[in-house]
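Asks: Quick one, fold the following:
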Amino acid sequence: MPVRLATSGKVAAGNREQLVAGDGARNTRSFAIVLIVHLAVLVLWQVLVDAFHVPKFILPSPLATIQTLGTASYAWGANTLVTAIEILGGFALGAFVGVALAVIFSWAPLISLVLLPLFVTLNMIPKVALGPLLIVWFSYGIVPNILIAFSICFFPILLTTARGLREVEPDLLDLVKSLRGSRWTLFRKIQLPGSLPYIFSGMKVGAILAVAGAIVGEFIASERGLGYLIIQVQSSLDTPAMVMAVVLLTLLGVALYGFVLALERIFVVGDATPT
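Replies: Okay, here's the model as predicted:
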């Protein structure tokens with residue numbers, strides 16, 4: 001009997017290693033495909049611009065775009081850092097407030113009934129129209145742009161988290177209640193683990209919207225940041241600098257989205273790994 005148990009344990013461990021190895025191979029292959037596609041697009045872009053002699057002020061080539069990084073007057077590092085702070089600040093605030101409000105709504109249906117319609121109405125306010133008011137209230141700087149990014153990205157996180165907390169198996173809830181489990185135990189053991197896929201789905205949408213929110217704020221009124229730089233170089237038709245700013249914004253968004261994906265893999269996919 002002990003030999004049989006030991007053998008079954010070795011088989012289970014071997015199967016687990018094969019699953020991990022298979023996932024790693026698939027992830028490597030997927031990353032390679034994504035990288036090849038992006039490089040192919042860049043090469044095609046460069047070839048078409050050179051072949052058709054497209055003027056630089058209409059569409060610069062990738063090489064001409066990269067060359068703008070050597071222009072010190074653009075202060076790429078400082079402007080990118082400001083925009084990154086605005087994006088991360090708005091996203092972090094949106095994730096915290098969205099998840100916290102969703103938990104409160106799940107614990108107190110009356111509060112949800114009173115406040116959720118109000119949040120829906122407030123979310124309908126065009127954020128471009130809200131920007132000048134935030135500048136009047138908080139002056140110029142990073143804070144108004146963080147608040148605009150927050151106002152755009154927090155609502156999807158709130159809705160998806162609230163839905164995830166609601167969609168819990170009723171039998172599990174009844175079981176915990178029959179065992180006299182506390183509300184905190186119910187939340188920590190049942191509701192939170194079950195709602196994690198919904199939370200991360202909302203956070204992935206919020207990561208995309210946070211980038212848009214930060215740029216909306218910088219377009220309205222700002223003294224620093226990539227959006228501010230785009231407005232400044234637009235008057236001189238410096239298209240390569242504008243494209244480079246868009247590329248850096250895209251990289252910031254991809255980095256934030258990848259960070260959320262990594263967290264999702266740790267807390268969601270990792271929980272699903274056979275033990």
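Asks: Helices of the chain, start to end?
Replies: 2-51, 62-67, 76-107, 109-123, 127-138, 142-166, 170-178, 183-186, 192-220, 226-234, 239-264 (DSSP state H).
Asks: now the third one against helix 142-166, angle please.
Replies: Just to be clear, that refers to helix 76-107. 40 degrees (axes from the mean of the first three to the mean of the last three CA atoms, to 10 degrees).
Asks: Provide a list of residue ranges in the stretch 51-200 of the chain with pLDDT below threshold.
Replies: Residue ranges of the stretch 51-200 of the chain with pLDDT under 70: 169-183.
Asks: how far away is residue 31 from residue 39?
Replies: 12 Å (CB to CB, to the nearest Å). The way it works is simple: take the backbone N, C-alpha and C, and place the C-beta from them, glycine included.
Asks: what's near enough to touch the residue nearest to the spatial centre of the chain?
Replies: The centroid of the chain falls nearest to residue 207 when counting by CA atoms, centre = their mean (2.0 Å). Counting by CB atoms under 8 Å, 6 or more residues apart in numbering, residue 207 touches 91, 153, 253, 256, 257, 259, 260.
Asks: let's see it at 6 Å
Replies: For residue 207, the contact set (CB atoms under 6 Å, 6 or more residues apart in numbering) comprises 91, 256, 257, 260.
Asks: Do you know the pLDDT at the last one?
Replies: Just to be clear, that refers to residue 260. Note for residue 260: predicted pLDDT of 95.
Asks: Quickly note the distance from it to residue 118.
Replies: 28 Å.
Asks: burial measure for the residue lying closest to residue 187 once chain neighbours are set aside, as a count.
Replies: Closest residue to residue 187 apart from its sequence neighbours, by CB to CB, 6 or more residues apart in numbering: residue 103 at 7.2 Å. Using other CB atoms under 10 Å, residue 103 has 17 other residues around it.
Asks: what do you get for the one 10 residues further on?
Replies: Other residues near residue 113 number 10, with proximity taken as other CB under 10 Å.
Asks: cool, residue 136 as well?
Replies: That count, for residue 136 with other CB under 10 Å as the rule, works out to 9.
Asks: Roughly how far does it sit from residue 86?
Replies: 18 Å.
Asks: Could you do residue 164 as well?
Replies: Residue 164 is 28 Å from residue 86, by CB to CB.
Asks: Compare these two (neighbour count), which wins?
Replies: residue 86 (33 against 23).
Asks: Name all residues that make contact with the more buried one.
Replies: Taking CB under 6 Å, 6+ apart, one finds 142, 145, 146, 149, 214 in contact with residue 86.
Asks: Mind listing what's buried along stretch 42-51?
Replies: 45, 49 (16 or more other CB atoms under 10 Å).
Asks: got the contact list for residue 221?
Replies: Residue 221 neighbours (CB under 6 Å, 6+ apart): residue 135.
Asks: Need the pLDDT of it.
Replies: The predicted local confidence for residue 221 is 73.
Asks: cool, residue 265 as well?
Replies: 89.
Asks: Please apply the same query to residue 272.
Replies: 47.
Asks: Same check on residue 233?
Replies: 89.
Asks: any idea how far it lies from residue 54?
Replies: 19 Å.
Asks: quick one: which of those two has more around it?
Replies: Set residue 233 next to residue 54 and count neighbours by other CB under 10 Å: residue 233 wins out with 19 against 13.
Asks: Check whether the more buried one really touches residue 243, as I assumed.
Replies: No - Residue 233 lies out of contact with residue 243 (CB atoms under 6 Å); the separation is 10.1 Å.
Asks: Can you name the residues that contact the closest residue to residue 102 other than its chain neighbours?
Replies: Distance criterion CB to CB, 6+ apart; nearest residue to residue 102, sequence neighbours excluded, is residue 161 at 3.6 Å. Counting by CB under 6 Å, 6+ apart, residue 161 touches 99, 102, 198, 199, 202.
Asks: Most neighbours among these, please name it.
Replies: Neighbour max across the contacts of residue 161 (other CB under 10 Å) = residue 202, 29 neighbours.
Asks: Who's the closest spatial neighbour of it, skipping the chain neighbours?
Replies: Going by CB to CB, 6+ apart, residue 202 has residue 160 as its nearest residue, at 3.3 Å.
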